[in-house]
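Enquirer: next one to model:
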Amino acid sequence: MEPVRGVVDSRWRRAHSRRDVLKLGAVVALSGVVSPLIAACAGPRDGASGATGSSDAITVLVGSGADPNSEEALKNVYDDFATQNPGVEWDIRLLPGGGPEWDRRARAAITSGEDVGLVMINGQQVRGWVRDGLLADLGGADMSTVLGRVPEQYHLSGPGESTVRALPLAITGGVHTTGIYYNRALLDAAGLEPPRTFADLRAAVEPLAAHGAAPLVHCSGDVVFNQMLITWVLPMIAERAGDPVQFAESTVRGEIRYDSPEWIEAFETIAELTTSRVLLEGSAATDYATMQQLLLQGRAAMTYNGSWLMPELLSGSPTVDFDLHVAPPPMVEGAERSRPILAWTGIGLPAEAGASRERVHAFLEYASRPEVDMAVVEGIQQYSPIRESNVGIDDEVAQEFLPMFDDAITPLDWLWEPEITAELDSQVQGLVRGDTDPATAAAAVVAVADDLRASGRSYYP
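Expert: Next up, the predicted model:
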């Protein structure tokens, strides 16, 4: 279905240069690297309903990234809601830190007795919060309109439940997916097309070596990026026999072990990226920033990463002919389609309702309106889960990501316990470095899973 541009108030619009188009970006949606946003909405302590004209102070704590204080398109949403609801006052504060540090600070605010009304939480952290009783069910009648506007593929639940606990909007910083970034100029020089399969990647080794390049570089030196390699290959392997999300759930439940044939094949596929020389030598020690430079310098023709990387690549300074494009992630043998991931920071409500919850519901209904959501996309140039809003994406390279959302799924690492994800990061780094093997890597993850069950910390004891 083709998106249709709606009529948007002119005050939402502004012009964009190519490099400004994606200037906000979002950092990686892994282990909290995508910047989270907490909104703590403090209403009257006496339980007042917050009728129009009352004074409802709403505090917003923002992590680094999509800061409504500095982004006009975001600030407009908050300001316009306050204008329509006299008495609402916004207190927008920067909450520093990301990943575990954000998680610690956010939990402290929730558990200290502070009247927190809204949490904008990295999707990867949702299940841990549900396990610890910190997030409410979003399925109440007051949220039905918002839930109806956001497609179900973005509705995230806790372990073993269908209850919706979190979902994204453009106001939360938008959504991201993954693909292969490639330098078309380098592929053209080597007589190559963008790879559709892992076999194509292996076939590109010699033609690119003649130009002093490897097919692929990955930032395995930043350990949290290693789970991305698992979420690239494992869903396609699992989907040969069924649903990849259900496969991940069965693994968490202990019905499938982390040393099953599917897991072993995933580890073997990753290890082979190094042994076949598809991966640039030294990728195991390459960090996120260096990965970008190696691509811009022509040392590698491609990198597998998310749409959050595009601002850095568009604003980089290449030292070779550089024509940036993006394609779906290459498929493993026997796969019928790529399975990019859906990564985002989203809205969640604390389990204990604050006095301002009625106003929070009203704000979310406003922020999810089609014309408001579209205006935010146009302003910050991040993808919305609401497809029609993405007509506001201007950059031609950014538009190449849009079809990938059709086959994208919840990242499998969002379904595992955080301890499993951490062990996978470590073991995959060892596979890329070449100092472990698939069976040993699998055994290490099995040991962590057994420990979690023994201690009662598994999602499914």
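Enquirer: any low-confidence regions in this structure?
Expert: The model of the chain has pLDDT under 70 over residues 1-67, 91-98.
Enquirer: top helix in it by residue count?
Expert: helix 438-455 (DSSP state H).
Enquirer: alpha carbons only: can I get that helix in PDB?
Expert: Presented in PDB, the C-alpha positions along helix 438-455 are these (Å, rounded to 0.1, in the frame of the first residue of the first chain):
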ATOM      1  CA  PRO A 438      30.900 -23.200  17.600                       C
ATOM      2  CA  ALA A 439      30.500 -26.200  20.000                       C
ATOM      3  CA  THR A 440      32.500 -24.400  22.800                       C
ATOM      4  CA  ALA A 441      30.500 -21.200  22.300                       C
ATOM      5  CA  ALA A 442      27.300 -23.100  22.500                       C
ATOM      6  CA  ALA A 443      28.300 -24.900  25.700                       C
ATOM      7  CA  ALA A 444      29.200 -21.600  27.400                       C
ATOM      8  CA  VAL A 445      25.700 -20.200  26.600                       C
ATOM      9  CA  VAL A 446      24.000 -23.400  27.800                       C
ATOM     10  CA  ALA A 447      25.900 -23.100  31.100                       C
ATOM     11  CA  VAL A 448      24.600 -19.500  31.600                       C
ATOM     12  CA  ALA A 449      21.000 -20.700  30.800                       C
ATOM     13  CA  ASP A 450      21.300 -23.500  33.300                       C
ATOM     14  CA  ASP A 451      22.600 -21.100  36.000                       C
ATOM     15  CA  LEU A 452      19.600 -18.800  35.400                       C
ATOM     16  CA  ARG A 453      17.100 -21.600  35.800                       C
ATOM     17  CA  ALA A 454      18.900 -22.800  39.000                       C
ATOM     18  CA  SER A 455      18.800 -19.400  40.500                       C
END
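Enquirer: and it, what does it pack against?
Expert: helix 261-275, helix 418-433 (3 or more Cβ pairs under 8 Å, 6 or more residues apart in numbering; DSSP states H and E). C-betas here are computed from N, CA, C, even on glycine.
Enquirer: what does the longest one rub up against?
Expert: So the one you mean is helix 418-433. 31, 124, 128, 218, 220-221, 223-224, 226-227, 229-230, 252, 258, 267, 270-271, 273-274, 279, 283-285, 413, 416, 436-438, 441, 444-445, 448-449, 451-452, 457 (Cβ atoms under 8 Å, 6 or more residues apart in numbering).
Enquirer: show me which of the residues you listed are buried.
Expert: 31, 124, 128, 218, 220-221, 223-224, 226-227, 229-230, 252, 258, 267, 270-271, 273-274, 279, 283-284, 413, 416, 436, 438, 441, 444-445, 448-449, 452 (16 or more other Cβ atoms under 10 Å).
Enquirer: domain-wise, how is this structure divided?
Expert: 10-175+342-402, 178-340+417-455 (automatic domain parsing).
Enquirer: so which of the ones you listed is nearest P461?
Expert: P461 sits nearest to domain 178-340+417-455 of all the domains of the chain, at 5.8 Å, using Cβ to Cβ.
Enquirer: mind checking how far that closest one is from the chain centre?
Expert: Remark: domain 178-340+417-455 is offset 16 Å from the chain centroid, using Cα atoms, centre = their mean, to the nearest Å.
Enquirer: which SS state does C219 fall under?
Expert: Put simply, C219 is coil when judged by DSSP: H, G, I helix; E, B strand; the rest coil.
Enquirer: tell me the contacts of it?
Expert: Counting by Cβ under 8 Å, 6+ apart, the residues that C219 touches are F225, S283, T286, D287, Y288, T290, M291, T303, N305.
Enquirer: with these in mind, which one is nearest to A375?
Expert: Of the contacts of C219, the one sitting nearest to A375 (Cβ to Cβ) turns out to be N305, at 27.9 Å.
Enquirer: taking helix 261-275 as reference, get the angle to the helix or strand harbouring that closest one.
Expert: Using DSSP states H and E, N305 sits in strand 300-306. Relative orientation of strand 300-306 versus helix 261-275 (axes from the mean of the first three to the mean of the last three Cα atoms, to 10 degrees): 150 degrees.
Enquirer: can I get strand 300-306 in PDB, CA atoms only?
Expert: The C-alpha trace of strand 300-306 is given here as PDB (Å, rounded to 0.1, in the frame of the first residue of the first chain):
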ATOM      1  CA  ALA A 300      35.800  -2.700   3.100                       C
ATOM      2  CA  ALA A 301      33.000  -2.600   0.600                       C
ATOM      3  CA  MET A 302      30.200  -3.200   3.000                       C
ATOM      4  CA  THR A 303      29.100  -3.300   6.600                       C
ATOM      5  CA  TYR A 304      26.100  -4.900   8.300                       C
ATOM      6  CA  ASN A 305      24.400  -2.500  10.600                       C
ATOM      7  CA  GLY A 306      21.200  -0.500  11.300                       C
END
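Enquirer: burial of G87, as a residue count?
Expert: 14 (other Cβ atoms under 10 Å).
Enquirer: let me fix that: G334
Expert: Neighbour number of G334 under other Cβ under 10 Å is 11.
Enquirer: quick check: phi and psi on the residue nearest to the spatial centre of the chain?
Expert: In the chain, the centroid-proximal residue (Cα atoms, centre = their mean) is A343; its distance is 2.0 Å. A343 adopts backbone torsions of phi -120, psi 140, taken as degrees, to the nearest 10.
Enquirer: now it, which residues is it bridged with?
Expert: Beta-bridge partners for A343, by DSSP bridges, are H176.
Enquirer: related to what we said a few turns ago, what's the closest of the domains of the chain to I409?
Expert: domain 178-340+417-455 (5.6 Å).
Enquirer: strands along this structure, start to end?
Expert: 37-41, 56-62, 88-94, 118-122, 156-157, 164-166, 175-176, 178-183, 214-217, 300-306, 324-327, 343-348 (DSSP state E).
Enquirer: return the angle between stretch directions for the fourth one and strand 343-348.
Expert: Angle, strand 118-122 to strand 343-348, by the same axes, to 10 degrees: 160 degrees.
Enquirer: mind listing what's buried along strand 118-122?
Expert: L118, V119, M120, I121, N122.
Enquirer: what's the burial count for D200?
Expert: 15.
Enquirer: again, but for S112
Expert: 8.
Enquirer: from now on call the first residue 53
Expert: Fine by me, first position is 53 from now on; the one you just mentioned is S164.
Enquirer: from Y356, how far off is it?
Expert: 40 Å (Cβ to Cβ, to the nearest Å).
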